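Q: here is my input, please return the structure:
(one chain, ligands or ions: 1)
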Amino acid sequence: MTIMLADGRPMPRIGLGTWPMDDRQAHQAVTYALSVGYRLIDTAATYGNERGVGAAVAEAALPREELFITTKLRGSQHGYDATMRGFEESRDRLGLDYVDLYLIHWPLPGHGLYVDTWRAFVHLREQGLVRSIGVSNFTPEQIERLVEATGCLPAVNQVELHPFLAQRELRAWHAGQGIATESWSPLGAGNKLLDEPAVKELATAHGRSPAQIVLRWHVQLGAVPIPKSVNPERMRQNLEVFDFSLSQEEMARLDTLDRGGRTGGHPDTHVEL
Ligand code: A2P
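A: Numbers count the residues shown, from 1 in each chain. Down below sits the predicted model:
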């Protein structure tokens, strides 16, 4: 099951997040995830687990075109030349010929380099080393600068998104532009979202787990969630959200949980190198 990106490439509708797994955990988790049907695996240079992800992918020996491997550029490698090097390092650790989706991990506006970085991303795509290029944690204004400078729209913006931080305006803007929204910390990053009465009651009503209710909310919004789990049973259940649906009223009930509750950094201020 896929969505179509603006660049014409399909992207799975759900994936496995791998932060904060180390190489060993990622190797084990990704091996299991691929065996139960995950095809989108999300990692990043800063996670320090690209080798583990790559080893699991190699051992699974699945047809390459079935897989959708995402990684992200670390902040200390912004700028054209550093990006080209940073990409090669990631690709080498992953052991892949190409990466399906490459993201600028954070805009780091204080560095003033994300436009140059984006030029390198466009080049990597032209070279066929990356199939789709996108960003993470960008604001509309920052994305507009990329498009003005290069004429090239990011296919994806991966942002913190869950019912406590529903990102309504940003999602509407993405939809207007044709940018796919990918949700990090889709389960609310351990913020007791899964204990909310609204979530628990819907879980009981549907005979599902609270996590499945929240992941179904993402899917029905058209967002691509990448829940992290190292637990096989949870990994399996997180994938099983395509055989039931939430009514409009149920979706609206979850929408009332929105309180702008960010657990991670803000695009304008976050510094991660
Ligand atoms: P674990 O890895 O032990 O399963 P997010 O992706 O929103 O940051 O959430 C990740 C957190 O949610 C992790 O602590 C993960 O723990 C936990 N988690 C993942 N899937 C489920 C699930 N189906 N039910 C409950 N907790 C889950």
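
Q: ramachandran coordinates for the closest residue to residue 225 other than its chain neighbours?
A: Nearest residue to residue 225 in three dimensions, chain neighbours excluded: residue 186, at 3.5 Å (Cβ to Cβ, 6 or more residues apart in numbering). Every residue, glycine included, has its C-beta placed from N, CA and C. With angles defined as degrees, to the nearest 10, residue 186 sits at phi -60, psi -20.

Q: what about residue 186, distance to the ligand?
A: 5 Å (Cβ to the nearest ligand atom, to the nearest Å).

Q: got the residues of the chain near the ligand?
A: Applying Cβ under 6 Å from any ligand atom, one finds that the chain approaches the ligand through 17, 185-190, 194, 209, 211, 227-231, 234, 237-238.

Q: just those: which are in strands?
A: Within the residues of the chain next to the ligand, residues falling in strands by DSSP state E are residue 17.

Q: put the buried members of the residues of the chain next to the ligand into a ChimeraX selection.
A: Selecting only the buried entries of the residues of the chain next to the ligand in ChimeraX, with 16 or more other Cβ atoms under 10 Å as the criterion:
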select :17,185,186,187,188,189,194,209,211,227,228,229,230,237,238
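
Q: in the stretch 51-200 of the chain, which spans are helices?
A: For the stretch 51-200 of the chain, applying DSSP state H, counting those that start in this stretch gives helices covering 80-94, 114-126, 140-150, 168-177, 197-206.

Q: export those to CSV and tack on mean neighbour count and mean pLDDT?
A: CSV is the format used below for these (neighbours: other Cβ atoms under 10 Å; pLDDT from 0 to 100):
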stretch, mean neighbour count, mean pLDDT
helix 80-94, 18, 98
helix 114-126, 20, 98
helix 140-150, 16, 98
helix 168-177, 14, 98
helix 197-206, 16, 98
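
Q: of the ones you listed, which approaches residue 264 most closely?
A: Closest approach to residue 264 among the helices of the stretch 51-200 of the chain (Cβ to Cβ): helix 168-177, 14.4 Å.

Q: quick one, the closest one and helix 140-150 angle?
A: Going by axes from the mean of the first three to the mean of the last three Cα atoms, to 10 degrees, helix 168-177 is angled at 30 degrees with respect to helix 140-150.

Q: for helix 168-177, packing partners?
A: helix 140-150, strand 156-160, strand 180-184 (3 or more Cβ pairs under 8 Å, 6 or more residues apart in numbering; DSSP states H and E).

Q: put the alpha carbons of that helix into CSV.
A: Output in CSV follows, covering the C-alpha atoms of helix 168-177 (Å, rounded to 0.1, in the frame of the first residue of the first chain):
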residue,chain,number,x,y,z
ARG,A,168,-3.5,21.3,10.9
GLU,A,169,-2.2,24.4,9.0
LEU,A,170,1.0,22.8,8.0
ARG,A,171,-0.7,19.8,6.6
ALA,A,172,-3.2,21.9,4.6
TRP,A,173,-0.3,23.9,3.2
HIS,A,174,1.6,20.7,2.2
ALA,A,175,-1.6,19.4,0.5
GLY,A,176,-1.9,22.6,-1.5
GLN,A,177,1.7,22.2,-2.6
